[in-house]
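Visitor: Okay, predicted coordinates and the sequence, questions at the end:
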Amino acid sequence: MTQGILRQILDYSSRANPYPLYEELRKTPVFHDGDGPYVVSTYHEIKGLLHDPRISSDARNLTPTAGDPLSQADEGGSEVLPPSFLKLDPPDHDRLRRMTNRPFGPPHSPRRVEQMRGELGGIVTGLIDTIAAKGDPNRIDLVEEFSYPFPVTVICRLLGVPPEDEARFHVWADTLAASLDPDPDADPAERAKKTEGARMELGMYLAGLIEERRKNPTGDMLSELATGQGPDGTMSTMEVLSTAALLLIAGHETTVNLITNGMLTLLRNPEHLDRLRSDPDVAVPMVEELLRFEPPVQLLPQRSTLTDIEVAGVTIPKGSSLWLILASGNRDPKRFEDPDRFDPDRPDVQHLGLGSGIHSCFGAPLARLEAALALSELARRLENPRLLEDPPPYRQNAVLRGPRHLPVAVDGIRAA
Amino acid sequence: MNGDGALEQLKREGRIVVVGASLAGLRAAETLREKGFAGELTMIGDEPYEPYDRPPLSKQVLLGMATADGTALPRRRDIDAKWRLGVPASGLDMAARRVRMADGDEVEYDRLLIATGVRARAWPNPDEAALDGVFVLRTRGDAAALERALAAGPGRVLVIGAGFTGSEIASACRERGLAVTVAERADAPLVGALGGVIGAVAAEMHRENGVDLRTGIMVTSLEGDSSGRVRAAHLSDGTTLEAEVVVVSLGAQRNTEWLTGSGLGAGPRGIACDAGCRAFDIWGIVTDDIYVAGDVARSPHALFGYQFLSLEHWGNAVAQAETAAHNMLSRSADRRPHLWVPAFWSSQFGVNIKSVGVPSMGTEIVITQGSRAERRFVGVYGYQGRVIGAVTFDQCRWLDFYEQQIERTAPFPPPYPTVDRRPEGERPLDADFPDPSVPTHGPTITLSGYSPADRRMTFTPAHN
Ligand SMILES: Cc1cc2nc3c(=O)[nH]c(=O)nc-3n(C[C@H](O)[C@H](O)[C@H](O)COP(=O)(O)OP(=O)(O)OC[C@H]3O[C@@H](n4cnc5c(N)ncnc54)[C@H](O)[C@@H]3O)c2cc1C
C-alpha cells in the first residue's frame, strides 16, 4: 500500500463510497507512511485508543509534521477563541464538559432533550408541510428543504439564537465546518483567512447575545451557560463563547448528515423504508444501525500520543498525529458480522459512530431523537419516494461526510 | 449412543432445572433457549416474584424514584419455563438427579444449574434483629419496607456497616434529608473492597454530606422500647445512640444450606466450581451435570493465580450464567471458561464509583489520573509488580483501558505519562488493606483458597 491511500480517502472522487478504501486500510490496522499520520482503521484498536489516557486531544501535544494533511486544517491555532472542550484534555475538558452538561442532561437536567420532543415534531411537520405546499413532487432536495434546516432550527432554539439570525449562522457554520476539511485544491492561506473571519464574526455575535443573556436570562442554553453556577463555578465569557460555537457547529453539521445518510440508505433499501412506515418504533434501532453503517463523522484526525505506545504490534512514537477512522472500525468484519449489510436488527450494535470514551458525542441524545423523528415522519408522509441521483452529489468534506443534495421524487405528500 | 447423540437428545427433550430464579437464573435460562434447548425448563425460586433487579434497591428505590415492584428484569426473550415460585428448594439427591422442594415435591433433572445467590447477613442477636425498625436490604420486600420507614421521616437512621450497600443507604438517607449515623468497625468505609487510601476519600465524602460517620467502632447491642420498636444502639466506646431506624449492612451469606449432606462441595464460602461453571463434589471431583453461576459460585480465575474468586457483582452473574448455559449444552471440546474480569459499580453521594480487576489483591495504589481531593480520579492497584485492579471515582470512561492493562499483566507502577496526571500520582502508596484476619462488614470480593467443604469457618459477629 502506498501513501496514495490517504490521498485517495481525502480525494473527492472517493466521497460517495470510501468503504472499499477502508477495507484496504484495515489490512494494515496501524498504517503509517513517511511523515504522515498514524492511521488506525480496525474496531478494537480504535476503541482501545479512545479509552487510552496516553492519547491527547490537545493540539499542543502534537509534534507538527508537514506530512499530515489535516493538521493544517485544524482550528487549533485560532487566536479568536480558546479551544473548546473537544480539543482539550482533562482536567480542563472534564470541567467544561460538566458545566456544559448541567443545563443539557442528567443528573441536573435529565429531561431537557425529552421535553423538546413535541417542539421537534412541530418543526418536522412544518418543514414537510412547506415542501408539500411548494408542490413540485418531481424534484425535492431533501438536504436543502429538510435535513439542513431541521437541526439548524433546533440548535438555534436550544441555544436561544433569535430565528431572524439563523441565516447568518448558516454562513458562519458552513465556513467553519469546511475548515475541518483538507481540500487539497484550496489555497490554504485564503482558507485560513476565511475561517478566521467567520470565527471572528460568530464570536462577536455570540458575545453580544451572551451579554444580553447575562442581564436577562431566558432559560435557554446560552443563558444557562452564561449565568449557571455549580461546584465548578461559572464559565468565563471566552469559555461560553467557544462552547457555544462548538455546540453550534457540531449541532449543525453532524445531524444533517445523519438524517441525509439515513434517507439515502432507506431509499436504497426500500423494504426498510416500508417497515419504518408501518412501525415508527423501529426508528430507534434503525438510527443506531445508521450510526454504524454511515456515520456522519467518518474519522477523528486530532489525536496525538503523549508517549511511545504500541498498537497492534506497531510502536507509535510520542507526539505523533493519529487518525482514527471510525467509519472503518464500524465495518470491521472482526467486530460485526456481515458489516456491509444495513441491518437494523443487529443484536449488539456497539458502534463507534458517536465516538467512545470521554469525548464521545456530547449531543448524542439530541441527535438520536432528531434523526428518529425525522426519518419516521419522512417515511410516513412521503408517498413512494424515489432517489433521482445515485450516488447523489457529496460535499467536499471527508471528515463530516454526507450528500450536499439529495434529490428525490414522490407521488405526493400525505397530510400531517 | 455416542456423546453427540446424547447431547442432541438433551437439547431436544432433556430436563433442565434452575434453582434460584433471579438475575443469574434468568439469564442462564434465556441463553439455554437461545442455544436451541427445546426440552423442559423449570425455574425454582423461593421468592414469590418474577426475576427482578437488585442494584436499584439501594439507590433509586430508597430515594423514592422507583418502586421496589417496578424493578422486574427486562426479558431478553421468551423462555417458556415452568415457574415454581415461592417455594424453596430444600435438598438435592445427586445420584437420583432430583431436587427436593420444601413442600415435599421433587423435581427431576438431566442438568441442574444452581444460582441461589446470597442473602443479607442478619443481626446476630435474633431478638434484637426482630425489633420493629430493624432492617436488612437484599430483596424487593426489604427495600419496600425500608423505603416506607424512611418516607415516614425518622429522627435518625443508624446504618451498621459501611460497605457499598451501607454507604449507598447512608447516601440515600442524606439525599432525603434524614439524619444518619454510620457505624463501621474498620477505620473507614469501603476499606474491605478498596483499601484505606480510597477508604479515606470515602470517609470524607460521608462527612461532607453530613453523615455522622463513626469508624473503628462496633455496635454491641440494639435496644427496643416497650412496644418492641428499636429506639437505641449501644456502641463499643460505651456511648448510646438513639435511632428509630437501624439498617444492618454486614455483608452477605451464601445460600448453600439447602445442599447440606448432598455431597456437593457447598459451604459457607459458596459452591466451588471449575472455570467452566461445573460444580465440585465434596471430594473435589468435578460433576458433569451440575452447574453454578452468580453470587453463590466460587471459581478459579487464571488471571488471578487460579485463586477461587467469589464475586457479588451484577455483571459477573450475567456473564457466568451465559457461560454455564453454553457449557451445559456443549461437548467438552466446545466448552469455554468463565474468564470475566471482575467489574463493579456503585453510586453514592452523587459520585459514580467503578472498579475492575481485584483491587483487594493489591498491595500498592497509585493515582494515575485526576485527584483524590477533587473526588475524581483513577486509582491503579499493584500486586507483585503488575497491575491487578483499578478504581475510578467519576472517571469511568477510562476503565476499559485499565481493564486491558490488567488482562495484559502490565507492569506496576504504570511507567507512562497520562492526561491529567498530577503530582500526587507520581509515587505509589501502600493500598492499606486491613489485616484479612480482622473481619470488616465483609468485602465485596472475597478471595479464598479454602476447601469448599471446610465447614469450620464461622463468622465472627461484630460485637466480639
Ligand atoms: C441492594 C443491592 C445493591 C446492589 N448493587 C450493585 C451494584 O451497584 N453493582 C453490582 O455490580 N452489583 C450490585 N449488587 C449485587 C448484584 O445484585 C448481585 O451480584 C446479583 O443479584 C447476583 O445475582 P444472582 O442471581 O447470583 O443472585 P441473587 O440475585 O441473590 O438471586 C438468587 C435467588 O435465589 C433465591 N434462592 C436462594 N435460595 C434458594 C433456594 N433454596 N431455593 C430457591 N431459591 C433460592 C434467592 O431468594 C434469590 O431470589 C447489589 C445487590 C444488592 C442486594
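Guide: Cool, got the structure.
Visitor: Can you name the residue of the stretch 151-300 of chain A nearest chain B?
Guide: Nearest to chain B in the stretch 151-300 of chain A, going by Cβ to the nearest Cβ, is A:Pro231, at a distance of 9.6 Å. The way it works is simple: take the backbone N, C-alpha and C, and place the C-beta from them, glycine included.
Visitor: What does the pLDDT read for that residue?
Guide: A:Pro231 is assigned a pLDDT of 90 by the prediction.
Visitor: Near it, how many other residues are there?
Guide: A count of nearby residues for A:Pro231, using other Cβ atoms under 10 Å in any protein chain shown, gives 11.
Visitor: now swap in the one 4 residues further on and tell me
Guide: When neighbours are defined as other Cβ under 10 Å, A:Met235 has 23 of them.
Visitor: quick one: low-confidence ranges for the chain?
Guide: Because you didn't say which chain, this covers chain A. Scanning chain A for pLDDT under 70 picks out A:1-3, A:65-67, A:69-81, A:180-185.
Visitor: switch to chain B, that's the one I care about
Guide: By pLDDT under 70, the low-scoring segments of chain B are B:1-3, B:436-464.
Visitor: Report the beta-bridge partners for the residue lying closest to B:Arg254 once chain neighbours are set aside.
Guide: Once flanking residues are discounted, B:Arg254 sits nearest to B:Gly270: 4.7 Å by Cβ to Cβ, 6 or more residues apart in numbering or on different chains. B:Gly270 forms beta bridges with B:Gly267, as assigned by DSSP bridges.
Visitor: okay but B:Gly270 is in contact with B:Thr256, surely?
Guide: Yes - when contacts are counted by Cβ atoms under 8 Å, B:Gly270 is listed as touching B:Thr256 (6.8 Å).
Visitor: Who has more neighbours out of those two?
Guide: Comparing B:Gly270 with B:Thr256 by other Cβ under 10 Å, the one with more neighbours is B:Gly270, at 27 against 21.
Visitor: The more buried one and B:Gly25, how far apart?
Guide: From B:Gly270 across to B:Gly25, the span is 16 Å (Cβ to Cβ, to the nearest Å).
Visitor: Mutual contacts of B:Gly270 and B:Thr256, please.
Guide: Overlap of the contact sets of B:Gly270 and B:Thr256 (by Cβ atoms under 8 Å, 6 or more residues apart in numbering or on different chains) consists of B:Val296.
Visitor: Checking my notes, B:Gln390 in a strand, right?
Guide: Just to correct that, residue B:390 is Ala rather than Gln. Yes - counting by DSSP: H, G, I helix; E, B strand; the rest coil, B:Ala390 is part of a strand.
Visitor: Verify the contact between A:Ser304 and A:Asn61 for me.
Guide: Yes - here A:Ser304 reaches A:Asn61: they are 4.9 Å apart, a contact under Cβ under 8 Å.
Visitor: Now for A:Asp411, how many residues are close by?
Guide: Residue crowding around A:Asp411 was assessed by other Cβ under 10 Å; the count is 11.
Visitor: so it makes contact with A:Arg381?
Guide: No - checked against Cβ under 8 Å, the pair A:Asp411 and A:Arg381 is beyond contact range at 11.7 Å.
Visitor: Where does the most centrally placed residue in chain A sit, in terms of helix or strand?
Guide: For chain A, A:Thr254 is the residue whose C-alpha lies nearest the centre (Cα atoms, centre = their mean; 2.9 Å). Following DSSP states H and E, one finds A:Thr254 within helix A:237-268.
Visitor: For burial, what's the neighbour tally of the closest residue to the ligand within the stretch 101-250 of chain B?
Guide: Per Cβ to the nearest ligand atom, B:Gly117 is where the stretch 101-250 of chain B lies closest to the ligand, at 2.3 Å. For B:Gly117, the neighbour count with other Cβ under 10 Å is 22.
Visitor: give me every residue that touches it.
Guide: Counting by Cβ under 8 Å, 6+ apart, B:Gly117 has contacts B:20, B:22, B:24, B:254-255, B:294-296, B:317.
Visitor: Among those, which lie within helices?
Guide: Among those, DSSP state H puts B:24, B:317 in helices.
Visitor: Out of the contacts of B:Gly117, which are close to the ligand?
Guide: By Cβ under 6 Å from any ligand atom, the members of those lying near the ligand are B:20, B:22, B:24, B:255, B:294-295, B:317.
Visitor: Please report the distance of the closest residue to A:Ala244 other than its chain neighbours from the ligand.
Guide: In this structure, A:Ala244 finds its nearest non-sequential neighbour in A:Leu206, 5.2 Å apart by Cβ to Cβ, 6+ apart. A:Leu206 sits 42 Å away from the ligand, going by Cβ to the nearest ligand atom, to the nearest Å.
Visitor: A:Leu206: what's it in contact with?
Guide: Contact partners of A:Leu206, counting by Cβ under 8 Å, 6+ apart, are A:222, A:240-241, A:244-245.
Visitor: so where's the longest helix in chain B?
Guide: Counting by DSSP H, the longest helix found in chain B is helix B:191-208.
Visitor: So which bits of chain B are right by the ligand?
Guide: Within reach of the ligand by Cβ under 6 Å from any ligand atom, chain B has these residues: B:19-20, B:22-25, B:44-47, B:54-55, B:57-58, B:88-89, B:115-118, B:137-138, B:165, B:255, B:258, B:294-295, B:312-315, B:317, B:344-346.
Visitor: Narrow these to those in strands?
Guide: Cross-referencing the residues of chain B next to the ligand against strands under DSSP state E gives B:19, B:44-45, B:89, B:118, B:344-346.
Visitor: Tell me the buried residues in the helix or strand where A:Arg191 lies?
Guide: Here A:Arg191 sits within helix A:188-215, counting by DSSP H and E. Residues of helix A:188-215 classed as buried by neighbour count (16 or more other Cβ atoms under 10 Å in any protein chain shown): A:191-192, A:194-196, A:198-199, A:202-203, A:205-206, A:209-210, A:213.
Visitor: The ligand: which of those is nearest?
Guide: A:Arg213 (39.7 Å).
Visitor: how many neighbours does the closest residue in space to that closest one that isn't next to it in sequence have?
Guide: Excluding the flanking residues, the one nearest A:Arg213 by Cβ to Cβ, 6+ apart is A:Ser223, at 4.2 Å. For A:Ser223, the neighbour count with other Cβ under 10 Å is 20.
Visitor: Would you mind giving the secondary structure of A:Ser223?
Guide: With three-state DSSP as the criterion, A:Ser223 reads helix.
Visitor: Give me the distance between B:Ala202 and B:Leu158.
Guide: Distance, B:Ala202 to B:Leu158, using Cβ to Cβ: 18 Å.
Visitor: May I have the beta-bridge partners of B:Ala120?
Guide: Taking DSSP bridges, one finds B:Ala252 as the beta-bridge partners of B:Ala120.
Visitor: helix, strand or coil for the residue in the stretch 301-416 of chain A that the ligand sits nearest to?
Guide: Residue of the stretch 301-416 of chain A nearest the ligand, by Cβ to the nearest ligand atom: A:Gln350 (19.6 Å). Of the three states, A:Gln350 takes coil under three-state DSSP.
Visitor: which residues of the stretch 151-300 of chain B fall in strands?
Guide: B:157-160, B:180-184, B:212-215, B:219-224, B:230-235, B:240-242, B:245-248, B:252-254, B:266-267, B:270-272, B:278-280, B:286-292, B:297-301 (DSSP state E, counting those that start in this stretch).
Visitor: Thank you, goodbye.
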